[in-house]
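Undergrad: Quick one, what's the 3D model for this:
(8 chains, ligands or ions: 10)
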Amino acid sequence: MADNEVIMKGNEALAEAAIRNGCRFFSGYPITPQTEVLEYMSWRMQEVGGQAVQTEDELCGAYMLFGASAAGGRVLSTSAGPGFALYQEAISYLVGSDLPAVLVDVSRIGNALGDISQSQGDYELIRKGNGHGDTMVIALTPASVQEIVEFTGLAYELAEKYKHPVIILYDAAIGQMMEGVTLPEMHEHDIDQYDWSVKGIKSGEHGRKITNVSYFCDNMYVGYETYLRDKYKAITDNEQRWENIEVADAEVVLVAYGISSRVCKEAVKVAREEGVKLGLIRLKTITPFPVKAFEEIGPDCKGIELVEMSVKGQMTDDVALATKCNIPLYGYFTSYEVPETKKVIDLAKDILAGKAEEVL
Amino acid sequence: MADNEVIMKGNEALAEAAIRNGCRFFSGYPITPQTEVLEYMSWRMQEVGGQAVQTEDELCGAYMLFGASAAGGRVLSTSAGPGFALYQEAISYLVGSDLPAVLVDVSRIGNALGDISQSQGDYELIRKGNGHGDTMVIALTPASVQEIVEFTGLAYELAEKYKHPVIILYDAAIGQMMEGVTLPEMHEHDIDQYDWSVKGIKSGEHGRKITNVSYFCDNMYVGYETYLRDKYKAITDNEQRWENIEVADAEVVLVAYGISSRVCKEAVKVAREEGVKLGLIRLKTITPFPVKAFEEIGPDCKGIELVEMSVKGQMTDDVALATKCNIPLYGYFTSYEVPETKKVIDLAKDILAGKAEEVL
Amino acid sequence: MLTEIICAGFGGQGILTTGILISYGAFKNGKKITWYPSYGSEMRGGTANCTIKISDEDIASPYAKELDVLLAMNGPAIDKFEERIKPGGYLFVNASIVEDDRKYRDDINVIKVDTVELAKKAGNPKGENIAMIGAILKVTKMFTLEQFESSIIKYFTDKGKEKFNDANIAALKTGYESI
Amino acid sequence: MLTEIICAGFGGQGILTTGILISYGAFKNGKKITWYPSYGSEMRGGTANCTIKISDEDIASPYAKELDVLLAMNGPAIDKFEERIKPGGYLFVNASIVEDDRKYRDDINVIKVDTVELAKKAGNPKGENIAMIGAILKVTKMFTLEQFESSIIKYFTDKGKEKFNDANIAALKTGYESI
Amino acid sequence: MAIKEFKAPEMLRTGDPTGFCPGCGHGTVGRLGFEVLDEMGLLEKSISVYDVACDSLYMWAIDTDCVGTAHGRAIATAAGVKRVRKDCPVWAYVGDGASYSIGFQHTVWSAIRNENITVVIINNGVFGMTGGQMAPTTLIGQKTTSSPAGRSKEINGMPMDITKILTGQDIAYLARGSIDSVANINKTKKYIRKAFEKQMNGEGFSLVEVLAPCPTNWGLSPQDSLERIRNEVMEVFPIGEYIERGVK
Amino acid sequence: MAIKEFKAPEMLRTGDPTGFCPGCGHGTVGRLGFEVLDEMGLLEKSISVYDVACDSLYMWAIDTDCVGTAHGRAIATAAGVKRVRKDCPVWAYVGDGASYSIGFQHTVWSAIRNENITVVIINNGVFGMTGGQMAPTTLIGQKTTSSPAGRSKEINGMPMDITKILTGQDIAYLARGSIDSVANINKTKKYIRKAFEKQMNGEGFSLVEVLAPCPTNWGLSPQDSLERIRNEVMEVFPIGEYIERGVK
Amino acid sequence: MAHITYDKDRCKGCHYCIDVCPKKIIKVSGELNEKGYEIVEFDEADCIGCGSCYTICPDYAITITKEV
Amino acid sequence: MAHITYDKDRCKGCHYCIDVCPKKIIKVSGELNEKGYEIVEFDEADCIGCGSCYTICPDYAITITKEV
Ligand SMILES: Cc1ncc(C[n+]2csc(CCOP(=O)(O)OP(=O)(O)O)c2C)c(N)n1
Ligand SMILES: Cc1ncc(C[n+]2csc(CCOP(=O)(O)OP(=O)(O)O)c2C)c(N)n1
Ligand code: SF4
Ligand code: SF4
Ligand code: SF4
Ligand code: SF4
Ligand code: SF4
Ligand code: SF4
Ligand SMILES: [Mg+2]
Ligand SMILES: [Mg+2]
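TA: Ligands and ions are numbered 1, 2, ... in the order given. Modelled structure (predicted):
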């Protein structure tokens, strides 16, 4: 890499950003539309003396990462849709074992064979799935290649701060497209930096056990309940991230993340030129869900327009709760088509004209 | 089985009920606290000329079931917590391929190694997880061994009615305990009964393709969006199930499912004897979430007390939405301890005394 | 009325079956029951136990905090569960294994049953648990001997083990009459 | 101003790289860009295409519905995308492959570029795409020849392929001058 | 005077051309399976199982029953189909990535359980569908998008040879064919026929691996691809019959 | 005058007794590993990886670094640990259910990639932790809770023999030991020592399977369990060295 | 006498058939089909009906009928 | 001269050691330890320090020291 200002695909930018943040361990398995990460890592890790393993399947990818994290490495594994579904058990184990890790889901449409178009259908999987038990992860939703790069650094920071898995979720459109991007400087990660990681003991030290954290809590599950609640609360209180655009005086507030939010941003601008007061709450985290972003909504707001590429309108419930069910919700849901600026605005106009149907 | 009135473990009753409903194919892998299903099936299927396969892992269990369902069989696979997390991709494929199947999660506590106590921590996994894409399943939550038996029959009925996977979710306490139970009569299932299943074609027939349903929809994903939305809506409108106990005049309404709801039922009785007007909404389905049950809540209701064995209070959001955020919510959440009647009532009293803290 | 019972002892002493027999007897005599085992890793080596609740009405939790009866087939079972017995409740001690000079709470009824001896006497050396049940029936009057006899016969007959019926009934009676 | 371009042709014709070169040129000249490929099973055998958007401001969706420019390296590319060109937009046709008597919409500007011939002339037989870019620069005046030259040199130099720089610039110029 | 015909089953000829790339081996290997079924009078009763890779394109080329399942799960799925449809010839037709990488465990365990199905595996040395990443069968030194410097034993391990793995398993049939030449195609067809015969006799698991070209991801012309099979691939993966119940 | 001591590493002797059942083979097999590490001066640097089965009880018996991972994923996890901690001896100590059933794919693929770790597998013929279900290694005729009439070849397939599966793989070391007798325990210890030596030499994947009793789930006394290993298990699973880099 | 039926719309121009014909009677035609693939042409007269071209063709483009 | 250290609290009564002692100097003691396992007893005088009992003991209950 000759310089820090380049054009890159989202997937490749993620890979390069991870490396520049000190990631020296990658494990994963090919799956469209994220295979570029593996392909990039296959040569780039050799340049920087790291490890890129094409594992035999996603499970091995996830559990190698589990081990590499336990050993103190800064680690990455990426997948998409069905492959990410196979990570579920491991994510639960990462949470239950207090291990930092960065995982990426490049979401694609659909539930079964043959689906690779862009989509935002994995929202619930990432926000509420996460395997068995009482799991919650931190989930970041970048909307541009540049933001992928920034959130990659942030992801490592949060993962290690909370000793917790962080998931970066973006859809195929962002993963596959190239944009201009400024990359961070190269940064080395010290695998000995944390006391908790396994590294062999020194004379007199006790052996470390990376396992179910509840074993180390007062009264086991009783203490673990508190531990986990406190951790989740800290994350919820401190890590909400969003971008509000002209929300305060908006008559219709759009809510979106990722690729859809870019269209919404344009819609706000175009609509305001036409005299329609749109605003946008862009979710930069979906977990914790940025409830605080909704405080800025003003008294002029007639309705919220959810813009998401999903059949179910997967963020509906969270937005309803964030607004205490006080603002009518409308949805422009598309599943695989990238939403169009004009349609966003048209629905907003219908909302204002009282012609739209609520989703909840 | 000599007679229809017996005492049985929940897990064994499930197995027997499945067989009596015509299930002749079981695939699964041992995991506490559901291994009895596999063990029971290992001898019982031989008696009835069916198949019970201890697969090499959960993935094989899930995909053998996928194939057996495609071939027209009435099928069952069961697991618990971490094992069920490994079913996620397959569940998504079942949904995407319009295949009926009954799957069971016997939930146990926690996220990592060594957790087998009863718990209700898989609510979100079952209600919102279900793999990648825009998935929604039907999820039944029996509260007794008898209800396991009844819901097993219901599960097959719904699975075939909607060509959709149905999940029965209960916790280890219900799975492990014995109760008296009345079993249904033996019923044979005709594997040729549905036209859609693969069975070899007859001269002049066209080959059937069991695969991603979107291929057969108008305009592919565009049509599939509508197809899926309609299916989900039909399920949501028609299949909500619940039991309301003295809800209309209750000052505090309990909401619970499974083992916790049994305790709540007792609490309603005991509290009313003490003059505290409790009521209970017992969820018999969590998907669709029985929103309609909440219509009966009367004007005297001062608050809703959620009783669940989970760290996060996983049903909180759904109840808030079902009540349009209009009723204060309080939680008695325990993770692994079966809730106690007295504590349920104590919190209700605190709620009425204005001494309890809201959860949302 | 709700009766709460725990049966406990070493793995291999047939503890879970003992609990099932009691539950089944109650069920066949028109009661609602729950039976709940210790399961999972607890099985390894150590102790086994199960909790039985018997009632005329629906039973809420299968867990028991205030025992009417503790059936203790070994010492560790007493260590673990004695404190949970209600004042006035019953502790049935397997006197063939538990030291005779052991001290007990004085607000409960302790009944020592020499199960090995009784089983031998009944000509059913594996019938220790059933002899214990006999003793419990006599003391607590939960069910009549006849009621329990018929349920136990049905239980083993349904399992295809009718050939043990006579020996089992003998053990039950011997236990019953030992008190 | 937002410029929307699609490059399309057979897989193997270097379509994606052509798009990247245009994007990179724009980026190095201070523009915001998005480049978006067809990916996945579409790659198999058939056609390849990519969409480029160039703007001074943030770009919303990387998809394009109203093309300013279609760069068509073969016939099927024209079949598929011609209708999306804006009235008054440009269609650059690879005249080396596409039949000469083909009919086109009459509200667009069609420019035929004999890429094979030009590349040969430039002494860079693999430089067909770059020759095409040269022609586009000349017609659309998106960037000056010099602006694009320096970006193309940087692009290949960064990739460690500086030895092709002269040949590539020759192809670019030949294409530019062919109009 | 009799008529000899060389003619693919009508089903394959009457629809649209397949979605495979020019020269792709899938077209030939799948056809062999359908020819055999046709000749055995089993075509209509047959049920084929595909996963999501290039094999899945067969779903749109055929007009008999089929099931499309998740990546790597075709063999497990086929076993499930067969256990319910005992009279139907059931076959899983899948890639080498699917069967030896993500679904490897199901391949071996279906063999151990001796599931009464036929498995045909296309060894094309790459993950074709996803654009040519390294597969378990990629040769040492072969460049792929995920082994850009060529597969190296040190980093990626040796190519997987299923005939070694299944040595000594008590299955009905195991063979490896190739479609680099007419003679080898005909031989491969015989293997596939035996495999289906064993299934119909209830003898259990039969597996035929077939060396096949993926010109697109090999970056070679179709002809050069066949050449490569002859010169390079067959050396590492010898063709022939490896296990035959009652014979060897 | 010198002193010869037979003494388990202090770490193992000073805490509570292990959680294993009386006569369980885990106690011995794990000890052999720690003895070897101790004798090689590597105990403190060592990192052990367990999954959720009975092996996990070691986490509470030792005082060196360890990782507890999901069922069947110990070998994959150990490979991840080792790739970050190249200087530490890393071993996965796991059950036969974990390594040959749910995690089988990781076992074989770690071997193919020649991951530089040591794997010790306890072949006790059952799923011990979950109460004695059939394992890949359960013998034909053996009754388990999921093969109540005895394992049958027709229904469940033949027992899996890892030495057959890994035949011909280019790994550092493969051996099978047994702990039925003092002599065999000593032999097994030598195997484990070689395995760790190979790892420390960077030669790659080493695997030692050990025949061990699970008296609880076999329903036998400890002594009868050892007898059974000698009389029945060892016939199906012969002990010895199978692969040794540079030697065989 | 052998008869060749060639479905040029199925042909993808791999030219395998050219290589395997023992009589060398299959040639590149110089024409493209609708999909843009370079199709072949046959000199049926010399065909011996050996079926090699059928056998190697991955696209079911050739049918050979032969009287025997 | 060999010295035997026996940690009876670790012993689980498997009695493997009894079987392997070449001198047959390990016997069932008839006593139970705290956990209820039947412990063994040694006749140290005749011990040859062969270590067999140590080797077979799954519970690290025996240590043998021997002067050589
Ligand atoms: C769980 C999951 N992981 C990965 C993929 C992506 N994927 C689809 S096909 C394929 C590989 C195909 O290779 P192979 O099985 O060899 O078939 P080929 O296309 O080469 O015939 C991969 C990795 C997926 N769809 N699902
Ligand atoms: C995903 C998942 N599936 C199943 C289990 C349940 N489980 C825990 S240990 C075990 C088997 C243990 O057998 P083995 O690996 O042979 O170890 P052993 O206890 O016999 O030493 C099983 C099935 C689990 N914890 N997680
Ligand atoms: S990518 Fe390869 S395997 Fe797939 S269709 Fe094309 S040539 Fe065949
Ligand atoms: S169950 Fe078996 S393997 Fe597990 S500790 Fe007990 S004897 Fe050992
Ligand atoms: S082999 Fe078939 S597809 Fe290939 S060129 Fe010949 S006719 Fe066409
Ligand atoms: S049948 Fe034989 S001779 Fe005739 S064209 Fe085909 S290959 Fe040539
Ligand atoms: S071998 Fe060890 S555990 Fe077993 S009886 Fe002897 S001292 Fe006790
Ligand atoms: S060291 Fe040898 S002789 Fe001494 S007690 Fe142990 S086994 Fe017996
Ligand atoms: Mg392949
Ligand atoms: Mg085992």
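Undergrad: how about the nearest residue to the residue in chain G that ligand 7 sits nearest to, chain neighbours excluded?
TA: For chain G, the residue closest to ligand 7 is G:Pro58, as judged by CB to the nearest ligand atom, at 67.5 Å. Where you see a C-beta, it was placed from the backbone N, CA and C, and this is true even at glycine. In space, G:Pro58 comes closest to E:Gly27 once its chain neighbours are excluded; the distance is 3.1 Å by CB to CB, 6 or more residues apart in numbering or on different chains.
Undergrad: Look up the pLDDT of that neighbour for me, please.
TA: With respect to pLDDT, E:Gly27 scores 98.
Undergrad: So what does it have for phi and psi?
TA: phi -60, psi -40 (degrees, to the nearest 10).
Undergrad: Same question for G:Ile39.
TA: G:Ile39 has phi and psi values of phi -90, psi 170 when expressed as degrees, to the nearest 10.
Undergrad: residues near it, how many?
TA: 21 (other CB atoms under 10 Å in any protein chain shown).
Undergrad: repeat for the one 10 residues further on
TA: Using other CB under 10 Å as the criterion, G:Gly49 is surrounded by 19 other residues.
Undergrad: which residues touch it?
TA: E:Lys4, E:Phe6, G:Met1, G:Ala2, G:His3, G:Ile64, G:Thr65, G:Lys66 (CB atoms under 8 Å, 6 or more residues apart in numbering or on different chains).
Undergrad: got it, and C:Lys86?
TA: C:Glu66, C:Leu67, C:Asp68, C:Ile108.
Undergrad: For stretch C:152-172, list every residue counted as buried.
TA: Across stretch C:152-172, burial judged by 16 or more other CB atoms under 10 Å in any protein chain shown covers C:152-156, C:164-165, C:167-172.
Undergrad: when you scan that stretch, is anything in it near chain F?
TA: No. Stretch C:152-172 lies apart from chain F when judged by CB under 8 Å from any CB of the partner chain; the minimum separation is 13.5 Å.
Undergrad: I'd like to know how many residues surround A:Asp195.
TA: Counted by other CB under 10 Å, the residues lying close to A:Asp195 total 9.
Undergrad: hmm, back to that, redo the buried residues of stretch C:152-172 as a markdown table? Include pLDDT, distance to D:Lys80 and secondary structure.
TA: Formatted as a markdown table, the buried residues of stretch C:152-172 follow (pLDDT from 0 to 100; distance: CB to CB, whole Å; DSSP: H, G, I helix; E, B strand; the rest coil):
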| residue | pLDDT | distance to D:Lys80 | secondary structure |
| --- | --- | --- | --- |
| C:Ile152 | 93 | 81 | helix |
| C:Ile153 | 94 | 82 | helix |
| C:Lys154 | 93 | 77 | helix |
| C:Tyr155 | 93 | 75 | helix |
| C:Phe156 | 93 | 78 | helix |
| C:Phe164 | 91 | 81 | helix |
| C:Asn165 | 93 | 83 | helix |
| C:Ala167 | 94 | 86 | helix |
| C:Asn168 | 95 | 83 | helix |
| C:Ile169 | 95 | 87 | helix |
| C:Ala170 | 96 | 90 | helix |
| C:Ala171 | 96 | 87 | helix |
| C:Leu172 | 96 | 86 | helix |
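Undergrad: all helices in the stretch 1-150 of chain A, in order from the N-terminus.
TA: A:10-20, A:35-48, A:58-70, A:81-85, A:88-96, A:123-124, A:145-162 (DSSP state H, counting those that start in this stretch).
Undergrad: can you tell me which of the ones you listed comes nearest to ligand 3?
TA: Nearest of the helices of the stretch 1-150 of chain A (CB to the nearest ligand atom): helix A:35-48, 13.5 Å.
Undergrad: now that closest one, how far from the centre of its chain.
TA: In this view, helix A:35-48 has its centroid 21 Å away from the chain centroid, taken as CA atoms, centre = their mean, to the nearest Å.
Undergrad: Would you mind listing the outside residues contacting it?
TA: A:9, A:11-12, A:14-16, A:19, A:24, A:26, A:28-30, A:51-52, A:54, A:76, A:78, A:104, A:175-176, E:130-131, E:133, E:145-149.
Undergrad: Buried subset of those residues as a PyMOL selection?
TA: PyMOL command restricting the contacts of helix A:35-48 to the buried ones, with burial defined by 16+ other CB under 10 Å:
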select buried, (chain A and resi 9+11+12+14+15+16+19+24+26+28+29+30+51+52+54+76+78+104+175+176) or (chain E and resi 130+131+133+145+146+147)
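Undergrad: helix, strand or coil for the residue of chain G found nearest chain C?
TA: Chain C sits closest to G:Pro58 of chain G, with a gap of 55.6 Å, by CB to the nearest CB. Secondary structure assignment for G:Pro58 (DSSP: H, G, I helix; E, B strand; the rest coil): coil.
Undergrad: can you give me the strands in chain C?
TA: C:2-10, C:32-37, C:47-55, C:67-72, C:85-94, C:109-113 (DSSP state E).
Undergrad: Let's see if you can find the most crowded of the contacts of C:Lys86.
TA: In terms of neighbours by other CB under 10 Å, those top out with C:Leu67 at 23 neighbours.
Undergrad: picking up where we left off before, for the buried residues of stretch C:152-172, give me JSON lines that also has distance to chain G.
TA: What follows is those, written out as JSON lines (distance: CB to the nearest CB, whole Å):
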{"residue": "C:Ile152", "distance to chain G": "72"}
{"residue": "C:Ile153", "distance to chain G": "72"}
{"residue": "C:Lys154", "distance to chain G": "68"}
{"residue": "C:Tyr155", "distance to chain G": "67"}
{"residue": "C:Phe156", "distance to chain G": "67"}
{"residue": "C:Phe164", "distance to chain G": "70"}
{"residue": "C:Asn165", "distance to chain G": "72"}
{"residue": "C:Ala167", "distance to chain G": "75"}
{"residue": "C:Asn168", "distance to chain G": "73"}
{"residue": "C:Ile169", "distance to chain G": "77"}
{"residue": "C:Ala170", "distance to chain G": "80"}
{"residue": "C:Ala171", "distance to chain G": "77"}
{"residue": "C:Leu172", "distance to chain G": "78"}
